[in-house]
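Student: turn this into a structure:
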Amino acid sequence: MSDLWRERLAAQSLHRPAPLGVPGLVGRLLAVQAQDVTAAALAFRVRSTGLTREDVEAAVRERSIVRAWGPRGTLHYMLPEDLGWLTSLSGPALARDAIRRIGQEGVAGSPETLLPAVVRALEGQGPLTKAELGERLSADGVPATGQAIVHLAALGAAHGLVVLGPGRRGGASGAGKPTYVHAADWLGAPVASSLDRDRSLAELARRYLRAHAPATPADLAAWSGLPLRDAWTGWRLIAGSLDELPGGGGRLRGTAPEAETGIETGAGTGGGAGTGGAPAPHAVRLLPAFDEYLLGWRTRSGVLADAHARAVHPGGGILRPTVLVDGVIRGTWSLNGPTLMVSPFEAERLPVQGEAEDVSRFLGRPVTPAVSRGEPFSGRGR
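Tutor: Residues are numbered from 1 along each chain as shown. Okay, here's the model as predicted:
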């Protein structure tokens, strides 16, 4: 693993630093991608030593984190106090995309006519499932079905009016059915930013670097979905307080406290908090689908070989769960019932037993690893 990715691994808390709790990790990372709720929960597991899925779900219920549309117009977990300024940056593009998709779904109207209907459907109702929201919209003269309902909720989110609530029991994979809720009802106050645009861009750059450094403005633009000129604006506003790496390109180191940047030194079995020093040879992490380690920068060069890229990113918006060994992607994995199926890229035995045991602990149910040929998998690491 290169020094560049060694630093990024630590910035992403994949060395498992001192426990931060669910809100602490969200604040540290700025946003945790969450279009797949189970994958998002596993992103907390791989960056901690004691959290459980129930801890993540409790943080949503207690409103210490909120699931909403964020960077790139994608669902993320964010802190409520960050939602306003993040929405001020990502909202305009999300609104344009939502109104286009609403039209494609056959629903006529402009934001001026549709937004009041969304508010009337949600305000004072508590979290509603997609079907329940669709019924209330239809009763109000907006005949929305299927994905049109989701895009109408996204339009509301782009204007700070809608967030997602806790999953309703009965959804796929134990995650619960998604629910949508009036933002001010759920959070206790309207979603609004106290920062002007330049201060928001500076905060974005500072917080992005804290979780992704070393990185460049092009990386920030790719991650946030904002134009490169906006990324450069944020960069310039904070560059004086950070260290620029040799080689130019605006690549900066971040500002994480020293206590947060130690890298695990124990055997690579999936447990243990960061203790400083170099990463252990063959230190293993089972990254979930859509993990930030593969989405956080413009390129994955250095951690994912071109020959294996299609196995991880086959297209269609899919980014599979991966096996990380010493900072490099060495295979994929999937969870089907109690079986954690590992598919190495090469003919090698990946030491995932410890990580599989931790997935079992996190989910609260038995998990048994196997290789893609269906044979029992006993590797534990060295």
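Student: hey, what's residue 335 bridged with?
Tutor: Bridge pairing for residue 335 (DSSP bridges) gives the partners residue 340.
Student: I figured it hits residue 359, correct?
Tutor: Yes: here residue 335 lies in contact with residue 359, judged by C-beta atoms under 8 Å, at a distance of 7.3 Å. In short, each C-beta sits where N, CA and C put it, glycine included.
Student: compare the two (neighbour count), which wins?
Tutor: The neighbour comparison of residue 335 against residue 359 (other C-beta atoms under 10 Å) goes to residue 359, with 22 against 19.
Student: contact partners for that one?
Tutor: Shown in contact with residue 359 (C-beta atoms under 8 Å, 6 or more residues apart in numbering): 42, 45, 286, 335, 340, 367.
Student: check which helix or strand covers the third one.
Tutor: Meaning residue 286. According to DSSP states H and E, residue 286 maps onto strand 284-287.
Student: likewise residue 124?
Tutor: Residue 124 belongs to no helix or strand, assigned by DSSP H and E.
Student: how about residue 181?
Tutor: Judged by DSSP H and E, residue 181 forms part of strand 177-182.
Student: and that strand, which strands flank it?
Tutor: strand 128-129 (antiparallel), strand 162-168 (antiparallel).
Student: just checking, residue 291 touches residue 46?
Tutor: Yes: here residue 291 reaches residue 46: they are 7.5 Å apart, a contact under C-beta under 8 Å.
Student: what count of nearby residues applies to the residue lying closest to residue 101 once chain neighbours are set aside?
Tutor: The shortest distance from residue 101 to any non-neighbouring residue, by C-beta to C-beta, 6 or more residues apart in numbering, is to residue 151 (4.4 Å). Here the count is done by other C-beta under 10 Å, and residue 151 has 22 residues near it.
Student: what's the distance between residue 151 and residue 369?
Tutor: Relative to residue 369, residue 151 is positioned 39 Å away (criterion: C-beta to C-beta, to the nearest Å).
Student: overlap in contacts, residue 335 and residue 359.
Tutor: Common contacts of residue 335 and residue 359 (C-beta under 8 Å, 6+ apart): residue 367.
Student: doesn't residue 51 belong to a helix?
Tutor: No: applying DSSP: H, G, I helix; E, B strand; the rest coil, one finds residue 51 to be coil, outside a helix.
Student: could you say which helix or strand holds the closest residue to it other than its chain neighbours?
Tutor: Nearest residue to residue 51 in three dimensions, chain neighbours excluded: residue 44, at 5.2 Å (C-beta to C-beta, 6+ apart). Per DSSP H and E, residue 44 falls inside helix 37-45.
Student: other SSEs contacting that helix?
Tutor: Applying 3 or more C-beta pairs under 8 Å, 6 or more residues apart in numbering; DSSP states H and E, one finds that helix 37-45 contacts strand 32-33, helix 53-61, helix 353-363.
Student: now do the last one against helix 53-61, angle only.
Tutor: Between the direction of helix 353-363 and that of helix 53-61, the angle (axes from the mean of the first three to the mean of the last three C-alpha atoms, to 10 degrees) works out to 40 degrees.
Student: give the rounded mean pLDDT of helix 353-363.
Tutor: Across helix 353-363, pLDDT averages out at 97.
Student: got the buried residues for the helix or strand following that helix?
Tutor: Counting by DSSP H and E, the next helix or strand C-terminal to helix 353-363 is strand 368-371. Buried positions in strand 368-371, judged by neighbour count with 16 or more other C-beta atoms under 10 Å: 369-371.
Student: list the contacts of strand 368-371.
Tutor: The contact list for strand 368-371 (C-beta under 8 Å, 6+ apart) reads 338-344, 349, 352-353, 356, 376-377.
Student: of those residues, which is the nearest to residue 227?
Tutor: Nearest to residue 227 among the contacts of strand 368-371 is residue 343, at 37.8 Å by C-beta to C-beta.
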